[in-house]
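Colleague: Got a predicted model here, sequence first, then my questions.
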Amino acid sequence: MSGSRGLVLAVAAAALFGAACGVLGGIGVVHFVARHHPGALTRFLHGGPPPMGPREGRFGPPISRLERGLHLSETQRTRIESEVERTRVESRALRESLRVRIERELTPEQRSRFRALAPPPDEPGPEHGPWPRPDRAEPGPEGEGHR
């Protein structure tokens, strides 16, 4: 009788020990994640898009969130939307200008390797995600024949 009683006590002690290790490990993971990845637990507990979700709204606060948080008027919302769009257009033009200026300094062989190494951001790929960019023009012959 004492042998089976000892076995039950040993199993219960092992279960309690395992539960305690699990709780302590969970607390440690939560503290690590909270310290090194702020906002991750809030997104996990309360839902929300992943940090690298769809591109829309990723380069600044979504207008709807600003509107709710700041109680924007319709005029303010319209003006802010136009500023965000203007900044997107300027950024896009600046990136394209940099690509052209880089290609201008390269030999034809280097230029073809550059295009293979750094495809335009409008081309879908593993590093850019599956989002097509129909608003982007194809790269032109700028810089061809410079060297």
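Modeller: Looks like it came in fine. Quantities reported herein were computed from a predicted structural model and do not represent experimental measurements. Numbering: from 1, shown residues only.

Colleague: When you work out contacts or count neighbours from here on, use the C-alpha atoms and nothing else.
Modeller: Fine.

Colleague: pLDDT-wise, which helix or strand of the chain ranks last?
Modeller: Every helix and strand of the chain was ranked by mean pLDDT, DSSP states H and E. The lowest is helix 40-46, at a mean of 70.

Colleague: Now do the one helix or strand residue 35 maps to, average pLDDT.
Modeller: Applying DSSP states H and E as the criterion places residue 35 in helix 2-36. The average pLDDT for helix 2-36 rounds to 83.

Colleague: ok, now stretch 90-106?
Modeller: Regarding stretch 90-106, the rounded mean pLDDT is 90.

Colleague: Could you check the helix or strand harbouring residue 85 and say which residues are buried?
Modeller: Assigned by DSSP H and E, residue 85 falls within helix 74-104. Within helix 74-104, the residues that count as buried by 16 or more other C-alpha atoms under 10 Å are 77, 80, 84, 96, 99-100, 103-104.

Colleague: closest to residue 11 among those?
Modeller: residue 84 (62.5 Å; C-alpha to C-alpha).

Colleague: ok, the closest one to residue 90 distance?
Modeller: 10 Å (C-alpha to C-alpha, to the nearest Å).

Colleague: what sits in contact with each of these two?
Modeller: Residues touching both residue 84 and residue 90 (C-alpha atoms under 8 Å, 6 or more residues apart in numbering): none.
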